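1. Show me the folded form of this:
(2 chains)
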Amino acid sequence: MIEVSELTKRFGKTLAVDDLSFRVEPGAITGFLGPNGAGKSTTLRSILALVHPDRGRTTVLGVPYRELDRPLHRVGAVLEASDVHPGRSGRNHLRALAAAAGLPRSRVEEVLALVELTGAARRRAGGYSLGMRQRLGLASALLGDPEVLVLDEPANGLDPQGIRWLRDFLRSLAGEGRTILVSSHVLAEVAQTVDRVVIIHRGKLIRHATMAEVEAMAAGATRVRSPDYARLAEALAAAGIEARRSGDGALAADATPERVGELAAAEGIVLHELTSERATLEEVFLELTGEPGERGT
Amino acid sequence: MTALLAAELLKVRTVRSTWGYVLAVLGLAALVTAATIGSESDQRRSEASFQGDLLLDGSAPATVVALLLGIVLVTNEFRHGTITPSLLVTPRRNRLLTAKLLAGAAAGAALAAIAIAVIAATAAIWLGILDVPLELGTAAKAAGRGLVAAAVAGVLGAAVGGAVHAQVAALVGALVWIFVAEPLVWVLLGLLDVGGAADYAPTAVLFTIAGTEEDALSFPAAVGMTLVWAAVAAAIAFFRTGRRDIT
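-> Now for the predicted structure:
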């Protein structure tokens, strides 16, 4: 559906994308993740023929974007919420795009209603909040009722209510069978929305996985504390579970809390603590990108 | 291309700055017309050529404004980032630029038409009061020149905008060229005893079409030469816009 092959792009001395290859499967929401400056926007703009790659190739629906017939009917994209003339009304912004794509004016009203922007459609876009501009961007992407959507950080600047609206909106669009590629620099932000993730860092592919696989990476040890430490360690060893003693006298066992708890109960061992040391998705993300100091970037 | 042209004209109509240009043309046309009629003698006002000159002089500002509007028509896209959604709809950049060049011509002609309407209305009333008969043939010929000049200026402006991209640089550069640099070039060429070459300079040929430049090229030659300048600017515009990364 969307294919990136050996994409390389350099801006002056900066290598923005470095031999990047991945494939976005049809009919799913794919999260395109990486810290700020990882090369996400450059990759998306290369896919959409806005940036000329130095090497490699990108295709959408089997052909380079530039060669798509009636592209707005096939692919919708939101790249920057500010890509609108501040003196033009939201409705006229959409009307100009619709006119260029040969779409009727009635379609403009439909997408305005879809993103709940009809009430503000006559106002100049310069007076819109960031959330309203994001919605206007989504409306423009949906004008041609495309089967593929490419969204660059659509949650940027949105308040929690806006993020929730966006998440529900993307889910409803995916439910209609559309393919969605949505970029973000915060894994937790898209974790509930995406089916798969493509994680890049410094222009290179770090991981291409399903969300379930990423969540499995978050699974960690179980912290268990007991007044009968010696028996507990013995029972765990007998069950083939590796355990390490931590500084405060607890044990870190490589098993689920359920397994450790059941074992202790079966042996009649009193437990004072049984907690999961599961990493957060953000920690997994930061570990994958190898920059623990850059939380949230 | 029809849909693209319609979209470009819609973009032009739906920003307030365009109406600022229209108001400027309206005001300048009315001012120049009133000043010209008021300052000429009764004998001059009764001459047939006067009405033609009146239209040419009155619509000349529309030619300059059309050039500026053509520049804005393209550079607005880069200034406000709307080039991104525009190219998403029309990824073949040459098609988008071609539509903008055509929109520049249409917008320029529309500006000139507005100016001509104001001049005609003002002149008809004033000359009617003075009991001077209207020379429609002469006026129509002058109006035609004004329309062509503004249309070609719109194309040239859009081409310059496509070549430069930066709005302020393109607008200031165009005004400096028209009012400072090219007149200096004329003087320089005169000093070098090749003053005739100045007739082929961009502003000179544009105002030859508009009929405000004396002893210059013929009308068809001036139109052809202006289109050559527009083609040069358009070639740079196609090259630069085609290669530019939209980031």
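2. Contact distance from chain A - what residues of chain B qualify?
-> Contact residues (Cβ under 8 Å from any Cβ of the partner chain) of chain B with chain A: B:3-4, B:6-7, B:10-11, B:14-17, B:76, B:80-82, B:84-92, B:243, B:245-247. C-beta here means a position set from N, CA and C on the backbone, and glycine is covered the same way.
3. can you give me the helices for the stretch 1-150 of chain A?
-> Taking DSSP state H, counting those that start in this stretch as the criterion, the stretch 1-150 of chain A carries its helices at A:40-47, A:71-74, A:90-101, A:105-114, A:130-142.
4. and of the ones you listed, who's closest to chain B?
-> helix A:90-101 (3.6 Å; Cβ to the nearest Cβ).
5. Torsion angles phi and psi at the residue of the stretch 101-250 of chain A found nearest chain B?
-> Going by Cβ to the nearest Cβ, chain B is nearest to A:Gly102 of the stretch 101-250 of chain A, at 4.7 Å. When read as degrees, to the nearest 10, the backbone of A:Gly102 gives phi 70, psi 30.
6. So in chain B, where's the weakest helix or strand by average pLDDT?
-> Lowest by mean pLDDT, DSSP states H and E among the helices and strands of chain B is helix B:42-45, with a mean of 71.
7. List the buried residues in it.
-> Within helix B:42-45, the residues that count as buried by 16 or more other Cβ atoms under 10 Å in any protein chain shown are B:Arg45.
8. same question, stretch A:228-244
-> Buried, per 16+ other Cβ under 10 Å, within stretch A:228-244: A:Asp228, A:Leu232, A:Ala233, A:Ala235, A:Leu236, A:Ala239, A:Ile241, A:Ala243.
9. Could you point out which of the residues you listed is nearest to A:Gln192?
-> A:Ile241 (31.8 Å; Cβ to Cβ).
10. helix, strand or coil for that closest one?
-> Following DSSP: H, G, I helix; E, B strand; the rest coil, we place A:Ile241 in the coil state.
11. low-confidence ranges in chain A?
-> A:279-281, A:290-297 (pLDDT under 70).
12. could you flag which of the residues of chain B next to chain A are buried?
-> B:3-4, B:6-7, B:10-11, B:14-15, B:76, B:80-82, B:84-91, B:246.
13. In strands, which of these appear?
-> Among these, no member falls in strands (DSSP state E).
14. Quick check: the residue of the stretch 101-250 of chain A closest to chain B vs B:Pro61, distance?
-> As judged by Cβ to Cβ, to the nearest Å, A:Gly102 and B:Pro61 stand 37 Å apart.
15. out of these two, which sits in the busier spot?
-> Counting neighbours by other Cβ atoms under 10 Å in any protein chain shown for A:Gly102 and for B:Pro61 shows that B:Pro61 has the greater number, 21 against 16.
16. Once you drop chain neighbours, what's closest to that one?
-> Sequence neighbours aside, B:Leu28 is the residue nearest to B:Pro61 in space, at 3.9 Å (criterion: Cβ to Cβ, 6 or more residues apart in numbering or on different chains).
17. ok but that neighbour is inside a strand, no?
-> No: applying three-state DSSP, one finds B:Leu28 to be helix, outside a strand.
18. who are the neighbours in contact with it?
-> Contacts for B:Leu28 (Cβ atoms under 8 Å, 6 or more residues apart in numbering or on different chains) come out as B:Gly58, B:Pro61, B:Ala62, B:Val65, B:Ala115.
19. please redo it, this time with the cut-off set to 10 Å
-> B:Gly58, B:Ser59, B:Ala60, B:Pro61, B:Ala62, B:Val64, B:Val65, B:Ala115, B:Val118 (Cβ atoms under 10 Å, 6 or more residues apart in numbering or on different chains).
20. Could you point out the helix or strand that follows the longest helix along chain B?
-> Determined from DSSP state H, the single longest helix within chain B is helix B:93-129. Using DSSP states H and E, the helix or strand that follows helix B:93-129 in sequence is helix B:136-164.
21. Also compute the angle for that next one relative to helix B:93-129, please.
-> Here helix B:136-164 runs at an angle of 150 degrees relative to helix B:93-129 (axes from the mean of the first three to the mean of the last three Cα atoms, to 10 degrees).
22. Could you count how many residues lie near residue 159?
-> Defaulting to chain A. Neighbourhood size, A:Asp159 [other Cβ under 10 Å]: 12.
23. The intended chain is chain B.
-> Neighbour tally, B:Ala159, other Cβ under 10 Å: 27.
24. Centre of the chain to stretch A:79-89, how far?
-> Stretch A:79-89 sits 24 Å away from the centroid of its parent chain (Cα atoms, centre = their mean, to the nearest Å).
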